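Asks: Just a sequence and a predicted model for now, questions to come.
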Amino acid sequence: MDYGCGRGEVVVYGRNAGYEFFGADLDAPASERPEHFRALRNGRLDFDEGFFDVVISNQVFEHVRDPELAVSEIARVLKPGGAFLALFPDRTSWFEGHVGLYFVHHMPELFAHLYMRAAHRLSFGYYREGKSSKEWADFMLWQLKTDVFYYSPGELRRWWQSAFGSPPVPAEADFMRFRIQSAGRRGLSLLARLPAAAEVLSFVCRKRAGIVWVTRKTDVPA
């Protein structure tokens, strides 16, 4: 299952590759749903207990208002030994991926507004088209207030441990190596395989994209 599947591109890709793949997200018009989409209802997943071998979630949990409920539901629908792979920014991330600027989410609102207006004039930031610098700053700050929630690593680990019975295993270095290899950068890929590169790759991933965790559901919660 792709938790927070959006329009379901990953679901379609997975099913075309021969997997029994489903998507779950907030309700959406039928025209925007993949065929195997099921809507979340009050945070609950419309699947039986122990239904899935694997659940993935990409850049979703920073939009989840109740992550404790979300991970408990994901754990419920996972089989014992099943895996949950999640990538999302936490409170320690430097880059704000919705605005497209560094550190803006760590600033007081007044400074963030001034910073964003200056960035707009210099052609930095995402989704600026058709908006003045003030309109863009106002709109994006409103989005950050109402739709983006950054949690601390300690909180997240506690929720994960409680839901799955085992702690999350960081996989940022593996994720970065995969991305570098997929980009066809052979020389950089060889450097990335060196053991000494793991910490650097993990640091870059956490500050730019977020955490990457793999968690296995135990038979009996710890």
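Replies: Perfect, I can see it now. This is a predicted model, so every value here is computed, not measured.
Asks: Just give me the longest strand of the chain.
Replies: Ranked by number of residues, the top strand in the chain under DSSP state E is strand 78-88.
Asks: Okay, buried residues for the helix or strand of the chain with the lowest mean pLDDT please.
Replies: The weakest-scoring helix or strand in the chain, judged by mean pLDDT, DSSP states H and E, is helix 186-192 (a mean of 86). Buried residues in helix 186-192, counted by 16 or more other CB atoms under 10 Å: 189, 192. Every residue, glycine included, has its C-beta placed from N, CA and C.
Asks: Begin at 638, not 1, for the rest of this chat.
Replies: In the new numbering, first residue 638, that becomes helix 823-829.
Asks: Give me the helices and strands touching it, please.
Replies: Contact here means 3 or more CB pairs under 8 Å, 6 or more residues apart in numbering; DSSP states H and E; on that basis helix 823-829 packs against helix 809-819.
Asks: Just the buried residues of the helix it packs on, please?
Replies: 809, 810, 811, 812, 813, 814, 817.
Asks: where's the fourth one relative to residue 690, distance?
Replies: Read it as residue 812. 20 Å (CB to CB, to the nearest Å).
Asks: now the one helix or strand residue 837 maps to against helix 809-819, angle please.
Replies: Using DSSP states H and E, residue 837 sits in helix 835-845. Angle, helix 835-845 to helix 809-819, by axes from the mean of the first three to the mean of the last three CA atoms, to 10 degrees: 90 degrees.
Asks: Appreciated, that's everything.
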